[in-house]
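S.K.: Kindly return the folded structure for what I paste below:
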Amino acid sequence: MPADPREYAGRLAGDLDALLGGGLAAAYLHGSAALGGWVAERSDVDILFVVADDLAAQAAPAVSDPLTAAGGLLTRSGARCPGRGLEASIVTISQAARPMPPWPCVLHAGFGDGSRTLVRGDTRPGDPDLLMHYAVCRAAGITVTGPPPTAVIGAVRRPQILVYLAGELGWGLANASESYAVLNACRALVYLNDAKIVAKIAGGLAALDRGIGPPGLVRRALDQQQARAPERAAGPDAILFVRESAAALIAAAEGRTPSPPA
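M.R.: Take a look at the predicted model:
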């Protein structure tokens, strides 16, 4: 993997640990930087931070509100992210050890493409995206600091992952580029068939190798993801493929035999 995401995550983890007075228990780099296929022009740097349950007691004496201070740190760091943007979540040791709905967190921060998101966990029930962050960290997360991911993060059940992936495909069609939707469908089908979590590019290549989906569509999506072609909205062939993939995931989650996409 490129050195930039790992080095950036290491510096940010060190800064957060100092801010929290040693209260950072672990940090994991996940997403495409860990799974492979990281492209600076298209990829975020995804980091999961695990902190002490009693965050306020662990914070440095000069920090009166650790959540506000941590949010400010992530905001400043997001401007220096080596990829398209920073996506970071902070969870407690207990939250990571027993992952379950509604997927509570301490703080979520997202910065990229001119957008800025900073949400405190005490302002909403939870963050459903944590389900997949946990699963990816357990499968392939790179340890920035702390124990290995499987020693800190509990397992997420397969039906929960399948339902999440199906929902993500719907979101991608409505809100993201064609490459995002199509390659997410490809890697979701890899998980459905092999129980393996892979990056978007690896999912697209696996689809080509196995004859899953229209090959011209998958190649087009790969070109967009790897910055060889401009991003575009999903065309009719992409919409059909992604919807059929989502239906297969839901069928499997409900214990029915899924019909593979054409």
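S.K.: What helices and strands are in contact with the helix or strand where Arg219 lies?
M.R.: For Arg219, the host element (DSSP states H and E) is helix 215-225. Packed against helix 215-225 by the contact rule (3 or more CB pairs under 8 Å, 6 or more residues apart in numbering; DSSP states H and E) you find helix 178-194, helix 200-210, helix 236-253. The way it works is simple: take the backbone N, C-alpha and C, and place the C-beta from them, glycine included.
S.K.: tell me the most buried of those helices?
M.R.: helix 178-194 (a mean of 24; mean count of other CB atoms under 10 Å).
S.K.: how many degrees apart are that one and helix 236-253 in direction?
M.R.: Between helix 178-194 and helix 236-253, the angle comes out at 30 degrees (axes from the mean of the first three to the mean of the last three CA atoms, to 10 degrees).
S.K.: Make sure Ala202 is actually in contact with Gly36.
M.R.: Yes - contact criterion CB atoms under 8 Å: Ala202 and Gly36 qualify, at 5.8 Å.
S.K.: so who does the spatially closest residue to Pro261 that is not a sequence neighbour touch?
M.R.: Once flanking residues are discounted, Pro261 sits nearest to Glu244: 3.8 Å by CB to CB, 6 or more residues apart in numbering. Glu244 makes contacts with 259, 261-262, as judged by CB atoms under 8 Å, 6 or more residues apart in numbering.
S.K.: Compile the helices and strands packed on helix 215-225 into TSV and extend it with columns for mean pLDDT and distance to Ala25.
M.R.: Putting these into TSV (pLDDT from 0 to 100; distance: least, CB to CB, whole Å) gives the following:
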stretch	mean pLDDT	distance to Ala25
helix 178-194	96	28
helix 200-210	95	30
helix 236-253	97	32
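S.K.: Gly213 against Ala185, yeah?
M.R.: Yes - the criterion here is CB under 8 Å, and Gly213 meets it with Ala185 at 7.3 Å.
S.K.: shared neighbours of those two, anything?
M.R.: 241, 245, 261.
S.K.: which one is the first one nearest to, not counting chain neighbours?
M.R.: In space, Phe241 comes closest to Gly213 once its chain neighbours are excluded; the distance is 5.0 Å by CB to CB, 6+ apart.
S.K.: cool, the second one as well?
M.R.: Excluding the flanking residues, the one nearest Ser245 by CB to CB, 6+ apart is Ala185, at 3.9 Å.
S.K.: Then Cys81?
M.R.: Val45 (5.4 Å).
S.K.: Give the other helices and strands that the helix or strand that neighbour falls within contacts.
M.R.: Assessed by DSSP H and E, Val45 sits inside strand 44-51. For strand 44-51, the packing partners by 3+ CB pairs under 8 Å, 6+ apart come out as helix 3-19, strand 24-30, helix 32-35, strand 85-92, helix 93-97, helix 130-140.
S.K.: To Ala109, which of these lies closest?
M.R.: strand 85-92 (4.8 Å; CB to CB).
S.K.: Pull the closest one out as CSV, backbone CA atoms only.
M.R.: Extracted in CSV, the C-alpha atoms of strand 85-92 (Å, rounded to 0.1, in the frame of the first residue of the first chain):
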residue,chain,number,x,y,z
GLY,A,85,-10.7,13.0,2.3
LEU,A,86,-10.7,11.7,5.9
GLU,A,87,-13.3,9.4,7.3
ALA,A,88,-12.8,8.8,11.0
SER,A,89,-14.9,7.3,13.7
ILE,A,90,-14.1,7.2,17.4
VAL,A,91,-15.7,4.4,19.5
THR,A,92,-15.1,3.2,23.1
